[in-house]
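Visitor: Need coordinates for the following:
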Amino acid sequence: MNLSNESATRRLEALVRELDAIIDSSSDGLWICDAEGRVIRINPASERINNIRAEEVVGKRMDELLAAGFVDRSAALEALKEKRVVSLLQTNHNGRRLISTGTPVFDEAGEVIRVVVSERDITETERLQRQLEEQQAMEESYRDQMLQMQQLELRNQPIIARSPAFARVLRQALKVAAADSSVLITGESGTGKGLLADIIHQHSARADKPLIKLNCGAIPETLIESELFGYEKGAFTGARSSGKPGHLELANGGILFLDEIAELPLASQVKLLRFLEDGRITRLGGTRTVQVDVRIIAATHQDLQKMVDEGRFRFDLFYRLNVIPLNVPPLRERRECILPLVRHYLEHFGGRIGAQKRLTTAASDRLEAYDFPGNVRELMNICERLVVMSETNLIDVSDLPAVVLGKEAADDELNGDWPTQMGLEQIVASVERQVLRRACERYRSQARIAAALGVSQPTIARKLKKYGLSCG
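Guide: Down below sits the predicted model:
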């Protein structure tokens, strides 16, 4: 053998080794059959997919393997018959679902001399697809249930607008409902900003889609981002193994109401602004972006413009949210609504315990003169307390809580001089309210109050809501 033949042989051997390496390293299964459909070779991926050894099938014809139930269909036989590339779904003897593509190889005369079949196991992909569809169906069911509950709750809520100021706000809400712009609702705590969001949702084109509510001030800063944008599996310690959609995903097609938007951390403000710009979100710990269609309604009792000036709230997010501003007047500026609301809630809470309570003229006058710093929320709490604690069906001035009777009576309550008709639970609640009221006056923010009183910020948020108080 001369040198040129030796060189050609080495090149050929190197080429064969290279082809072998390519075939064996493929993650897809590969079968090579001759013109009669006889198996010449399979690669390691095919051995793994089909749970066989190469020597079990090499030398056998595909029609024999088909008859033996090794597979239910053969891409190799179809490609030989059709003399073209054939792709099909098949199930092997292990019950695995495969996508197989048979590619015929022709000689110079146009005759088929080989068939190369590539196969890919899609069993796991189909399982994950089914799991995803089931999860999406559960989310749809969850959203439908929330929507039905929201609509039922809204039908049961009173909309009492006896004052021109509040009637004007309701007219504005109905008008902006027809648009799809962002809305910023401002007003003191307990004025009914959430109710206004309900009205906008009910009269909007998105009424048959969810209204998802998130109180930014009631969730710790470390969790707010995952609640808003969701998270993927293993995003952080304690995360669900399946991940979790955020409120923006749950509100897809509907409205997301962000209450206490001023409490949103700056880092989350950046991500919310990005969503408002392109409508896309990325779950915490994920890389895939999702397009969602959500209208944003935000609310706050704080002065956002002042917070922007002080650098505590992003100016670009403020202008994105403040497209249509609505301001809800406090109850003391719409006193015409006070007594109708009181009568409604006395009837509402009385119905729960089978009692019919009514007010004396003197008690009505004192309630109407009271400023209700906690607004409608405080009024509801007072009405429930009167229904439960009053001895008779006629509520008189002596039944009213000390805070309604004036500052001096409230201070006596904190100093231990309580009316004789008050029980322990009522006294404790009254003292707690006064402590929180004074803390609000002194510290002006939920976080500082929580630090001063040695409790968590969500606890303070919950108790302020309970007593109809606001800070800032």
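
Visitor: What is the neighbour count of residue 10?
Guide: 10 (other Cβ atoms under 10 Å). Glycine gets a C-beta too; all of them are placed from N, C-alpha and C.

Visitor: distance of it from residue 20?
Guide: 15 Å (Cβ to Cβ, to the nearest Å).

Visitor: Same question for residue 390.
Guide: 93 Å.

Visitor: With neighbour numbers in mind, choose between these two.
Guide: Using other Cβ under 10 Å as the criterion, residue 390 and residue 20 rank with residue 390 on top: 19 against 12.

Visitor: and the residue nearest to that one when sequence neighbours are not counted, how many residues sit next to it?
Guide: Nearest non-adjacent residue to residue 390, counting by Cβ to Cβ, 6 or more residues apart in numbering: residue 399, 4.5 Å away. Residues within reach of residue 399, counting by other Cβ under 10 Å, total 20.

Visitor: pretty sure residue 399 contacts residue 385?
Guide: No: with contact defined as Cβ atoms under 8 Å, residue 399 does not count as touching residue 385 (9.2 Å).

Visitor: Do a quick rundown of the helices in the stretch 101-250 of the chain.
Guide: In the stretch 101-250 of the chain, the helices defined using DSSP state H, counting those that start in this stretch lie at 123-156, 164-177, 193-202, 221-229, 247-250.

Visitor: so for the longest one, what's the average pLDDT?
Guide: Read it as helix 123-156. Helix 123-156 shows a mean pLDDT of 60 in the predicted model.

Visitor: Check the third one too.
Guide: This predicted structure assigns helix 193-202 an average pLDDT of 91.

Visitor: Convert the C-alpha atoms of that helix to PDB, please.
Guide: Provided in PDB are the C-alpha atoms of helix 193-202 (Å, rounded to 0.1, in the frame of the first residue of the first chain):
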ATOM      1  CA  LYS A 193     -62.100  54.100  47.900                       C
ATOM      2  CA  GLY A 194     -62.500  50.400  47.500                       C
ATOM      3  CA  LEU A 195     -66.200  50.800  46.900                       C
ATOM      4  CA  LEU A 196     -65.400  53.400  44.200                       C
ATOM      5  CA  ALA A 197     -63.100  50.800  42.500                       C
ATOM      6  CA  ASP A 198     -66.000  48.300  42.700                       C
ATOM      7  CA  ILE A 199     -68.300  50.700  40.900                       C
ATOM      8  CA  ILE A 200     -65.800  51.400  38.200                       C
ATOM      9  CA  HIS A 201     -65.300  47.700  37.600                       C
ATOM     10  CA  GLN A 202     -69.000  46.900  37.600                       C
END
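
Visitor: in that helix, what counts as buried?
Guide: 193, 194, 195, 196, 197, 198, 199, 200, 201, 202 (16 or more other Cβ atoms under 10 Å).

Visitor: what inclination does it have with respect to helix 164-177?
Guide: 40 degrees (axes from the mean of the first three to the mean of the last three Cα atoms, to 10 degrees).

Visitor: need the contact list for residue 317.
Guide: For residue 317, the contact set (Cβ atoms under 8 Å, 6 or more residues apart in numbering) comprises 269, 272, 273, 276.

Visitor: quick one: it and residue 248, what's the gap?
Guide: 15 Å.

Visitor: same check, this time on residue 178
Guide: Taking Cβ to Cβ, one finds residue 178 at 23 Å from residue 248.

Visitor: Could you check which of the two has the larger neighbour count?
Guide: More crowded of residue 178 and residue 248, by other Cβ under 10 Å: residue 248, with 24 against 10.

Visitor: and that one, what is it in contact with?
Guide: Counting by Cβ under 8 Å, 6+ apart, residue 248 touches 228, 229, 230, 256, 275, 281, 292, 294.

Visitor: The second one: neighbour count?
Guide: Counted with other Cβ under 10 Å, residues neighbouring residue 229 total 22.

Visitor: Just the pLDDT for it.
Guide: For residue 229, the predicted pLDDT is 90.

Visitor: what's the answer for the fifth one, then?
Guide: On pLDDT, residue 275 comes in at 93.

Visitor: residues contacting it?
Guide: 248, 281.

Visitor: repeat that with 6 Å
Guide: By Cβ atoms under 6 Å, 6 or more residues apart in numbering, the residues touching residue 275 are residue 281.

Visitor: Can you check the contacts of residue 317 and name whichever has the most neighbours?
Guide: residue 272 (26 neighbours).

Visitor: For that one, which non-adjacent residue is spatially closest?
Guide: Going by Cβ to Cβ, 6+ apart, residue 272 has residue 317 as its nearest residue, at 6.5 Å.

Visitor: gap between the one you found and residue 273?
Guide: As judged by Cβ to Cβ, residue 317 and residue 273 stand 5 Å apart.

Visitor: what does residue 121 give?
Guide: 43 Å.

Visitor: Find the least confident helix or strand in the chain, judged by mean pLDDT.
Guide: helix 407-415 (a mean of 49; mean pLDDT, DSSP states H and E).

Visitor: Report the backbone C-alpha coordinates of the helix or strand that comes right after that helix in PDB.
Guide: Counting by DSSP states H and E, the element after helix 407-415 in chain order, helix or strand, is helix 424-443. The C-alpha coordinates for helix 424-443 follow below in PDB (Å, rounded to 0.1, in the frame of the first residue of the first chain):
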ATOM      1  CA  LEU A 424     -63.900  44.200  79.600                       C
ATOM      2  CA  GLU A 425     -63.700  43.500  75.800                       C
ATOM      3  CA  GLN A 426     -65.200  46.900  75.000                       C
ATOM      4  CA  ILE A 427     -62.800  48.600  77.400                       C
ATOM      5  CA  VAL A 428     -59.700  46.900  76.000                       C
ATOM      6  CA  ALA A 429     -60.800  47.800  72.400                       C
ATOM      7  CA  SER A 430     -61.400  51.400  73.400                       C
ATOM      8  CA  VAL A 431     -58.000  51.700  75.100                       C
ATOM      9  CA  GLU A 432     -56.300  50.100  72.100                       C
ATOM     10  CA  ARG A 433     -57.900  52.500  69.800                       C
ATOM     11  CA  GLN A 434     -56.800  55.500  71.800                       C
ATOM     12  CA  VAL A 435     -53.200  54.200  71.900                       C
ATOM     13  CA  LEU A 436     -53.200  53.800  68.200                       C
ATOM     14  CA  ARG A 437     -54.800  57.200  67.600                       C
ATOM     15  CA  ARG A 438     -52.000  58.900  69.700                       C
ATOM     16  CA  ALA A 439     -49.300  56.800  68.000                       C
ATOM     17  CA  CYS A 440     -50.600  58.000  64.600                       C
ATOM     18  CA  GLU A 441     -50.400  61.600  65.800                       C
ATOM     19  CA  ARG A 442     -46.900  61.100  67.000                       C
ATOM     20  CA  TYR A 443     -45.200  58.800  64.400                       C
END
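
Visitor: which other helices and strands contact helix 424-443?
Guide: Under the contact criterion of 3 or more Cβ pairs under 6 Å, 6 or more residues apart in numbering; DSSP states H and E, helix 424-443 touches helix 446-453.

Visitor: So what's the gap between the helix it packs on and the chain middle?
Guide: Helix 446-453 sits 28 Å away from the centroid of its parent chain (Cα atoms, centre = their mean, to the nearest Å).

Visitor: Number the chain from 85, please
Guide: In the new count, where the first residue is 85, that last one comes out as helix 530-537.
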